[in-house]
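J.: below is the structure, and that's it, no one-letter string:
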């Protein structure tokens, strides 16, 4: 029960408040609860530019050409409503930009489950570690693409024109590994084809005990390697070679798309790391989930207020010019429903 002594004590304690006493202090603390400012009626928020607001207000008022205090007040009210509508437009643009940036940032891979339960589970990778992994994958993809492109160009030229022309080991490796892969998935395969660079494969080409990197790979030697793998598939050499060419081109396209994707992912993670503080502050300023419907209603409310304000200003200006001003077509009507309990 609240006694008279408690009430008097509360009144005395209330006089000892350390809150702001000056106008500047009260104005500052009035913004303490401001988070994103979407629904704020203040002309200028801390994240906005006061000079831009003044230029906007002056421009709107000048374009409406008000005369007299009442018309000026209506024109300034229209400027404020337009400013708040532009604030909503900036919010929507920021939300879309954040969503697009988030879509480009790859998610962090989940930590792997440890096999022995006695050891603690490994922690999830950081963004810095993720960036390092992406760049390593990008470096490997670029290197493989640089090897596949010359192999693709090999089929674009006429290999039979100069069968003794020496080609790079990476070109022969890309072509003959694609041929080996095609032979491994052939139907009715009776024996596994030898891997490129293996001793059985080099022996079939007449290079017993040699190393694949020391062999002088020529167009003729690559054709002989294709013939070796074509025998495992039972296809004629021309058809088999055409299939290998298609496989090499598809591999080049896949690597091109992979390099493009990894480049975008790396750039997105770099932007995320470089702008981590600014991004965190921007995310805190944006409304959370569940505010979209409220913001849409608020936007419609502002638009309705702006329309009615401009109509009222037009009526005042028409009346000032001596024109006949009809009554408003729409009137606000308040309806009160009484129930039996009332």
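T.: That came in fine, so what should we check first? Values in this document were obtained by computation on a predicted structure and should not be read as measured data.
J.: any idea of the mean pLDDT in stretch 52-64?
T.: Average pLDDT, stretch 52-64: 89.
J.: please apply the same query to stretch 296-315.
T.: Computed over stretch 296-315, the mean pLDDT rounds to 87.
J.: can you offset everything so residue one is 18?
T.: Understood, numbering begins at 18; the last thing we discussed is stretch 313-332.
J.: okay, residue 186: pLDDT?
T.: Turning to residue 186, the model gives it a pLDDT of 91.
J.: revised request: answer the last question for residue 340.
T.: Residue 340 carries a pLDDT value of 79.
J.: roughly how far apart are it and residue 267?
T.: Distance, residue 340 to residue 267, using C-beta to C-beta, to the nearest Å: 75 Å. Backbone N, C-alpha and C define where each C-beta goes, glycine included.
J.: for residue 210, helix, strand, or coil?
T.: Following DSSP: H, G, I helix; E, B strand; the rest coil, we place residue 210 in the coil state.
J.: residues touching it, list them.
T.: By C-beta atoms under 8 Å, 6 or more residues apart in numbering, the contact set of residue 210 is 197, 200-201, 245-246, 249.
J.: residue 209: which of these is nearest?
T.: Minimum distance to residue 209 across the contacts of residue 210 is 7.0 Å, recorded for residue 201 (C-beta to C-beta).
J.: need the nearest residue in space to the closest one, chain neighbours excluded.
T.: Residue nearest to residue 201 in three dimensions, not counting chain neighbours: residue 210, with 6.1 Å by C-beta to C-beta, 6 or more residues apart in numbering.
J.: how about that neighbour, phi and psi?
T.: phi -70, psi 150 (degrees, to the nearest 10).
J.: any idea of the pLDDT on it?
T.: 91.
J.: and it, how close does it get to residue 218?
T.: From residue 210 to residue 218 the distance is 8 Å (C-beta to C-beta).
J.: overlap in contacts, these two.
T.: residue 245.
J.: any idea how far residue 264 is from residue 221?
T.: For residue 221, the distance to residue 264 - C-beta to C-beta - is 21 Å.
J.: so who does the closest residue to residue 148 other than its chain neighbours touch?
T.: Once flanking residues are discounted, residue 148 sits nearest to residue 286: 4.7 Å by C-beta to C-beta, 6+ apart. With contact taken as C-beta under 8 Å, 6+ apart, residue 286 is in contact with 122-123, 144, 147-148, 151.
J.: next: residue 187.
T.: Neighbouring residues of residue 187 by C-beta under 8 Å, 6+ apart: 164, 167-168.
J.: so which of those residues is the most crowded?
T.: When neighbours are taken as other C-beta atoms under 10 Å, the top entry among the contacts of residue 187 is residue 168 (26 neighbours).
J.: that one - nearest residue in space that isn't next to it in sequence?
T.: Per C-beta to C-beta, 6+ apart, closest to residue 168 is residue 191, 3.7 Å.
J.: thought that neighbour was touching residue 164?
T.: Yes. Between residue 191 and residue 164 there is a contact under C-beta atoms under 8 Å: 5.4 Å.
J.: in helices, which of the contacts of residue 286 fall?
T.: 144, 147-148, 151 (DSSP state H).
J.: of those, buried ones?
T.: Neighbour-count burial (16 or more other C-beta atoms under 10 Å) is assigned, among the ones in helices among the contacts of residue 286, to 147-148, 151.
J.: let's verify residue 223: helix, strand, or coil?
T.: Residue 223 is classified as coil under three-state DSSP.
J.: for residue 255, see how far away the residue nearest to residue 201 is.
T.: Look at residue 210 and residue 255: by C-beta to C-beta, they are 19 Å apart.
J.: ok, residue 194 next?
T.: Between residue 194 and residue 255 the distance is 20 Å, computed by C-beta to C-beta.
J.: neighbour count winner among the two?
T.: Neighbour comparison, residue 194 and residue 255: the larger count goes to residue 194, with 18 against 9 (by other C-beta under 10 Å).
J.: quick one: contacts for the more buried one?
T.: By C-beta under 8 Å, 6+ apart, the contact list for residue 194 reads residue 213.
J.: pull the number of nearby residues for residue 212.
T.: When neighbours are counted by other C-beta under 10 Å, residue 212 registers 14.
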